[in-house]
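Student: Prediction below, plus the sequence it came from.
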Amino acid sequence: MWVLTPLAGSLTDVLGSGVAVAVPQWARFPGWRWIAAILVVVAGVVLSRYVVRLAGRPIARQFRRQSVAQMALRLLRVGVIVGTVVVAASILGFRFGNIVLSVTVFSAVLGIVLAPIVGSIINGLFILADQPYEIGDMIELDDGRRGFVDEITIRYTKLFTLDNTFLVVPNSTMREQLVTNYSAEDERVRLELDVLVTYSSDTEQAKVLLRRAAREDEAVIGGGPDIRIGTARYPAGPTVLRSSFADDGVLLRLRYWVMKPYNIPTIESRIRDRVWDSFRADDADIEFAYPHRHLVFDDTSGTLDASIDTRGARQAERAAEQAAEQHDPTDE
């Protein structure tokens, strides 16, 4: 009578048993299981590298985003290594059910300790799905620091700052703050410069000089077709608006587009220098406005003692005369 019994254990248990059976009796010295497990893990690490090399190009063609492709390759390599570790554990006598139970208990114990890391991992998955930035993009954080995205993982985002330093930011922090992306699709960026001139200045001449100061810079878009942002269109060349009538003068706002966002402080400084030189020229009837304050005294302001005490000066003169008398050259 034939009795069918289910195969006990999982695939990893079967592989572990197969490896143990494949080892000859003469090689089963004390501790051979540990050496076999270590060799399996080392082989898994080497195999994971070759698997990543073989699957690198197909995965890169499959995913358009570089960050997602790198993440898929990392997961593939980790999966191969974890599989070999499980096989090595089976060689040592661990069963798959015991491993799962141990991992479950260990995860429950360290759940509170690892909560921030788990939160960063979840936020990293959201960043990879939402695509707010990509590797190579130039972004700016809430604190004003700018940098190029060098690496995106499920735990953190690494930035190569403009100060030639690396900045590693957890993904949970990245999702909680506003991130300005200067390289998303179109690298052209519009900048502004506010200039306050006096009411007596020739504002029309000031507007001409402001446009000229921006247009003469090689990094500024001097003209051409209108730039489309969504459904709106903006002039490509520099424009000047009479922004407001302030307390101390007329506020003029210069708007201009730059082709690359990588040297914004330098570009702004060059344009300010041109504006400063052109406004201070002899033929420019323009004056920078700044606050003026006049102090007015009337009958309600009280009295002011403006007398000068000359007693100290007289005493100094007498002392000088006495010193001259004591050293009179005619006495010699």
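Tutor: Yep, it's here.
Student: which SS class is residue 240?
Tutor: Three-state assignment for residue 240 (DSSP: H, G, I helix; E, B strand; the rest coil): strand.
Student: What residues does the closest residue in space to it that isn't next to it in sequence make contact with?
Tutor: Across the structure, with C-beta to C-beta, 6 or more residues apart in numbering as the measure, the residue nearest residue 240 apart from its sequence neighbours is residue 207 (4.1 Å). (Each C-beta comes from the backbone N, C-alpha and C, glycine too.) Contacts here follow C-beta atoms under 8 Å, 6 or more residues apart in numbering; on that basis residue 207 touches 240, 242, 252.
Student: Quick check on these: which are buried?
Tutor: Buried positions within those, assessed by neighbour count (16 or more other C-beta atoms under 10 Å), are 240, 252.
Student: okay if I get the contacts of residue 207 as TSV plus pLDDT?
Tutor: Written out in TSV, the entries for the contacts of residue 207 read as follows (pLDDT from 0 to 100):
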residue	pLDDT
240	94
242	93
252	95
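Student: Check which helix or strand residue 80 maps to.
Tutor: Assigned by DSSP states H and E, residue 80 belongs to helix 66-91.
Student: For residue 282, grab phi and psi.
Tutor: In this entry, residue 282 is assigned phi and psi values of phi -70, psi -40 (degrees, to the nearest 10).
Student: And for it, the neighbour number?
Tutor: Applying the criterion other C-beta atoms under 10 Å, we find 5 residues in the vicinity of residue 282.
Student: Distance of it relative to residue 74?
Tutor: Computed with C-beta to C-beta, to the nearest Å, the distance linking residue 282 and residue 74 is 66 Å.
Student: before we move on, what about residue 142?
Tutor: Counting by C-beta to C-beta, the gap from residue 142 to residue 74 is 28 Å.
Student: returning to that earlier point: from the contacts of residue 207, which single one is nearest residue 195?
Tutor: Residue 195 has its nearest neighbour among those in residue 252, at 4.9 Å by C-beta to C-beta.
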